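Enquirer: return a 3D structure for these sequence lines:
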Amino acid sequence: MSISKTRVKKLLNRPKRLPRGKHGGIELLLIQSVDKLGKQGDVVEVRAGYANNYLLPQGLATVATDHHKRMVEKHKAKLEAIEKARLAGYQRQADQLSKLSVTIEANANDEGHLYGSVGANEIVAALKTQDVKLDAGQIKLEGPLKELGLYTVKVSLHSSVMSELKVWVVPAVTDK
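Expert: Got it, this is the predicted structure:
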């Protein structure tokens with residue numbers, strides 16, 4: 001029993017079947033994040049029409065083979081290790097910040113009320129003199145500092161790493 005050449009070509013050129021998921025849909029690996037579907041690297045199950053007409057032609061997803069799944073897991077593990085290292089660095093910086101104190105001179109009246117106020121920008125400028133680089137957005141003040149004294153200011157280095165910093169607001173020394 002022999003198969004004709006045209007029959008062999010038809011068998012070789014027919015579209016490959018896409019892998020089915022547990023619920024009967026097509027199982028795909030997202031190359032890019034898709035709203036209301038998943039993030040990059042997620043394995044999702046969608047209907048055949050959505051896969052064939054939108055996700056695959058747009059290059060948003062690829063067939064979820066075992067090889068692709070393993071590659072994504074390796075990539076996620078690398079990203080996790082990088083994130084752990086970053087968090088450890090932020091934690092070290094938070095420990096250093098908690099040991100620091102900053103002194104800011106400001107003009108004040110006899111009762112200790114400042115003529116202006118001390119805000120995040122002044123704290124960041126004072127930290128720069130100690131070779132500590134922070135953004136004003138990382139300094140979390142409940143309001144501007146308007147009196148002389150010692151304040152404990154919260155510093156957000158990362159969404160999960162917070163630290164505290166002591167800020168002394170002292171009267172400015174004037175030469176008379």
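Enquirer: let me see the ranges of the helices in this protein.
Expert: With DSSP state H as the criterion, the chain has helices at 5-13, 48-50, 66-99, 120-128.
Enquirer: low pLDDT regions in the protein?
Expert: The chain contains residues with pLDDT under 70 at 1-2, 8-17, 174-176.
Enquirer: please repeat the previous calculation with a cut-off of 80.
Expert: Within the chain, the set of residues satisfying pLDDT under 80 comprises 1-24, 173-176.
Enquirer: quick check: domain ranges of it?
Expert: 5-64, 92-171 (automatic domain parsing).
Enquirer: just put these in CSV and tack on mean neighbour count and distance to Val72.
Expert: From N, CA and C alone the C-beta is placed, and that goes for glycine too. Conversion of the domains of the chain to CSV gives the following (neighbours: other CB atoms under 10 Å; distance: least, CB to CB, whole Å):
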stretch, mean neighbour count, distance to Val72
domain 5-64, 13, 5
domain 92-171, 14, 24
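Enquirer: with distance to Leu79 added, can I get those in CSV?
Expert: Rendered in CSV, the data for the domains of the chain read as follows (distance: least, CB to CB, whole Å):
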stretch, distance to Leu79
domain 5-64, 9
domain 92-171, 15
